[in-house]
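Asker: Sequence first, then the predicted structure, then my questions.
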Amino acid sequence: MNLFIYHIYSFECIQCQITTVYEKYTLLFDFLGIVLTILIIIIAIWGERFRQFWNKPKIKISLDEPRFNTTNSGIKGWYYLIRISNVKKSSPANNVRLLLTRVQKKGPDGNWREKNFSGPTQVMWQWPEISPLYATVGPDERATFGFILEDTTEFKLQLYWFPNNLDKVIPPNEPTRLIFKAVSDTAESNILIIEIAWDGKWLEGILEIQEHCILKEVTA
């Protein structure tokens with residue numbers, strides 16, 4: 001009799017274990033079904049935003065090497081450029097423009113002071129005659145933010161338009177910081193700060209001019 005009861009008890013334990021395992025798997029499948037349903041809803045609602053995020057271009061701007069050139073009237077000059085790069089070449093950045101967003105001047109105390117103007121304002125592309133105002137950046141593009149010409153004593157900014165309260169030139173011995181940012185329809189670049197110090201002396205050689213007109217990237 002006791003042996004019969006033992007077998008019945010063992011059978012009930014096994015059945016209980018099977019039921020418990022079945023319930024666990026049932027709960028697991030129910031949970032996975034809920035998660036899958038939520039994912040389908042998320043994709044349906046925000047799928048396009050996710051796609052745009054992963055395909056979003058990544059714009060980077062940096063100070064480029066200066067270019068020596070001669071104008072149509074035969075005047076020699078040094079032209080200072082910013083390189084606009086798109087790290088994700090497979091995702092072109094549309095309607096890109098390089099903006100001068102801020103200007104700072106060094107005060108008598110050595111501190112940098114904000115020079116407010118009605119901006120931002122767009123920097124001119126390297127070849128404005130053949131470049132659209134808003135460019136598509138897949139390969140690198142360049143913009144000319146300033147230049148100095150032979151027999152002049154001013155660093156001239158190169159912009160498509162100048163607000164009335166923005167000086168068009170940087171005089172010699174007046175250290176200045178220009179702050180830039182590139183923007184497109186879907187992305188913005190890093191902030192680029194370029195510090196300019198020029199003593200007013202113009203020279204044709206690259207090594208010589210770099211001793212008198214010093215441009216460098218700086219951190220805020």
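Answerer: Received it, and whenever you're ready, just let me know what you need. Numbers count the residues shown, from 1 in each chain.
Asker: Residue 210 and residue 80, how far apart?
Answerer: 11 Å (CB to CB, to the nearest Å). (Each C-beta comes from the backbone N, C-alpha and C, glycine too.)
Asker: Could you check which of these two has the larger neighbour count?
Answerer: Using other CB atoms under 10 Å as the criterion, residue 210 and residue 80 rank with residue 80 on top: 23 against 13.
Asker: Enumerate every residue touching that one.
Answerer: Each residue near residue 80 by CB atoms under 8 Å, 6 or more residues apart in numbering is listed here: 66, 144-147, 215.
Asker: Tell me the bridge partners for it.
Answerer: Beta-bridge pairing for residue 80 (DSSP bridges): residue 146.
Asker: mind giving me JSON lines with the contacts of residue 80 and columns for pLDDT?
Answerer: Output for the contacts of residue 80, formatted as JSON lines (pLDDT from 0 to 100):
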{"residue": "66", "pLDDT": "95"}
{"residue": "144", "pLDDT": "97"}
{"residue": "145", "pLDDT": "97"}
{"residue": "146", "pLDDT": "97"}
{"residue": "147", "pLDDT": "96"}
{"residue": "215", "pLDDT": "96"}
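Asker: Quick check: the gap between the residue nearest to the spatial centre of the chain and residue 127.
Answerer: Nearest residue to the geometric centre of the chain (CA atoms, centre = their mean): residue 189, 1.2 Å. With distances taken as CB to CB, residue 189 is found 20 Å from residue 127.
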